[in-house]
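> predicted model, plus sequence, below.
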Amino acid sequence: MLSVILIWLYMLFTCYVTGVASIRIIAGKDYSCKQEISYVYAGIGVVMVYAQLFSLFGGVGFTANLILLFACAICLAFLKKEFLNHLHTCRLTITPIKAMVFILILSGFAYGTSTGVIHYDTGLYHAQSIRWIEEYGVVPGLGNLHSRLAYNSAAFCLSALYSMAFLGGQSYHCCAGFLAFLLMLVCLEGLTKEKIRKGRALRGGLSFRKPRLSDFARITAIYYLLIIFDEMVSPASDYFMVLLVFFILIRWLDLTEEKENSCLPYGLLCVLGVSVVTVKLSGALILLLTVKPAVMMIKEKQGKEIAKFLLTGFLTVLPFLIRNVILSGWLVYPFTSIDLFSFAFKIPKGMADYDAREIQVWGRGFSDVTRYGESPAKWLPEWISHLDRSNKVFLAMALAGLLLWTAYLLYAVIKKRKDMLDFLHVAGTLLVCFLFWLLSAPLVRYGCVFLWMFPVMVWGFLYLQISPHMDRFKIYLIVLVLFGGYKVTAFGIETGKGATAQYLIRQKDYDNYETVSYELHGYTFYYPLQGDRVGYRDFPSAPIKAEDIFLGDTIREGFKDVIHE
């Protein structure tokens, strides 16, 4: 736990400094974020791009961190006055109570990140992917050794950068927990500043403002955080994607509710949306949010701003695409619709297609790849039957919400309600994301943010519209207390059962499994004695014993496919 806190403080520093510098470059010196934590998120996007870029030239470890610190020092030197102003603002606004809450949340999430359940796929390929990045960066045709090592994700590069494996101890995996900690801070903003304020006194009490859609989004995010509290110890890309999407949606709703008329904050969130694509492709359609800032810039004839954001988005995704090509020979593995290259290390099309089908079938809850071609009418009822009760409710609300959103759209068009455009845009984006997830690979952890957030938006909007003369806060508060009390109590009981002092200093290490070793070109490789998982320790490894697939004499030269030659 203590080690996680120290790494998080380092992450806060490096991400905050790089975030301030990047926003200064993109948005100019006259623009500043209204929420300081947004700088940290901007820095996360920058550091993810940096880690991916560095991996193209070598292992992501000590040198990568040294250069990052040097870059932070340069930023501090050039933006000294701005950072001093930020520090002064913090000193004036952070009260002892806020500091105490921050420390409690930091400690709680650091504990959750130090212990818990290691995800199955972490032992299968997450840990090995991170170690490959730590040791070599990127290796041509690595997917030929194990196809899942070609499942490129910026989350693994970020994890490698902050793993501190170069210190000689264990490889820490606390980036998902860091994002969860940040999201909790964002959610608690709903209880601070202008989110809840004093109103006129009513019978000696306080008058609170009415709830907003951003409040519903925050509650949903907290629900997710409670669910993954004992799982965020794993560096699974699913968590990174969902946590980032929650932040984008909450901030976006904040901006629309505050009637923000500048395109810059929306554009910056869209750049972070591009980072989401590099983390996991299941979140790619969140980029439909770009419609709003694009329209704003076109209307205002801001050609330079359009070019600037397009260039920033391209530079954000470029290292990800390059890594894809080097790892697999495909621009976006395992999807073969874009076939541009013919490298010797290219994974065969048949194997890539099989991988893509396996992902979709697995997402539907099946292990038989031959069921790939089944129509939704055949596989969907069986998939629904395996959902837990709460997700069945969310699904029913989402499917009914589709009709409700359509009714909203027709009403807005007929009545010319321009004030509904922001809501229709966000809810429509979530609808498309939900349908894409549902009809492709609907494993709940792949897209729960869309399964939950779409119905929360459409039904939450209906609630806000049909109760203009009701004391909405009381109803909102009753539901929140009842539901929240139940979830927090259940969460407390489960967390208490598994509480241990074993990881108060160090984080729980990766799970490792018994392996068998063999030699290839003077290198020792491993495969599991039983099952298909190896973990982090025995490296390099694959689920089965590999043939001689070296392109040359060294690992750095890469691997080729020999079975399908």
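All right, it came through fine. The structure presented is a predicted model; accordingly, all values stated were derived computationally and were not measured.

> okay, now the domains of the protein?
2-342, 376-497 (automatic domain parsing).

> determine how far the longest one lies from the middle of the whole chain.
Read that as domain 2-342. 7 Å (Cα atoms, centre = their mean, to the nearest Å).

> start and end of it, how far apart?
48 Å (Cα to Cα, to the nearest Å).

> beyond the helix or strand of the chain with the lowest mean pLDDT, next helix or strand please.
In the chain, no helix or strand scores lower on mean pLDDT, DSSP states H and E than helix 472-497, which sits at a mean of 60. Next along the chain after helix 472-497, taking DSSP states H and E as the criterion, comes strand 515-520.

> pLDDT (mean, whole number) over that following strand?
Taken as a whole, strand 515-520 has a mean pLDDT of 95.

> so in that sheet, which strands flank that strand, and in what orientation?
Sheet pairing of strand 515-520 (DSSP bridges) gives strand 523-528 (antiparallel).

> name the residues that touch the partner strand?
513-519, 534, 538-546, 555 (Cβ atoms under 8 Å, 6 or more residues apart in numbering). C-beta here means a position set from N, CA and C on the backbone, and glycine is covered the same way.

> if we can go back for a sec, so which of the domains of the chain is nearest residue 508?
domain 2-342 (5.1 Å; Cβ to Cβ).

> now the stretch 351-500 of the chain, which segments are flagged as low pLDDT?
467-500 (pLDDT under 70).

> show me the helices in it, by range?
376-385, 389-415, 421-439, 444-466, 472-497 (DSSP state H, counting those that start in this stretch).

> would you list the ones you listed in TSV and tack on mean neighbour count and distance to residue 92?
Listed next are those as TSV, based on neighbours: other Cβ atoms under 10 Å; distance: least, Cβ to Cβ, whole Å:
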stretch	mean neighbour count	distance to residue 92
helix 376-385	12	53
helix 389-415	15	42
helix 421-439	20	33
helix 444-466	22	34
helix 472-497	12	30
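
> of all those, which lies closest to residue 9?
When those are compared by Cβ to Cβ, helix 472-497 sits nearest residue 9, at 23.7 Å.

> which one is residue 411 nearest to, not counting chain neighbours?
Of all residues not flanking residue 411 in the chain, residue 417 sits nearest, at 6.9 Å (Cβ to Cβ, 6 or more residues apart in numbering).

> hmm, the one you found is touching residue 408, no?
No: contact criterion Cβ atoms under 8 Å: residue 417 and residue 408 do not qualify, at 9.0 Å.

> so where is the stretch 151-300 of the chain shaky, pLDDT-wise?
191-209.

> can you rerun that using 90?
168-169, 188-212, 230 (pLDDT under 90).

> please enumerate the helices of it.
Secondary structure of the stretch 151-300 of the chain (DSSP H, counting those that start in this stretch): helices at 154-161, 175-188, 213-228, 237-257, 263-279, 291-299.

> you'd agree residue 117 is up against residue 236?
No: counting by Cβ under 8 Å, residue 117 stays clear of residue 236, with 11.0 Å between them.

> neighbour count winner among those two?
residue 236 (25 against 14; other Cβ atoms under 10 Å).

> who touches residue 95 in this structure?
By Cβ under 8 Å, 6+ apart, residue 95 has no neighbours at all.

> how near is it to residue 84?
21 Å (Cβ to Cβ, to the nearest Å).

> repeat for residue 169
In terms of Cβ to Cβ, residue 169 sits 35 Å off from residue 84.

> which of the contacts of strand 523-528 count as buried?
513, 515, 534, 538-543, 546, 555 (16 or more other Cβ atoms under 10 Å).
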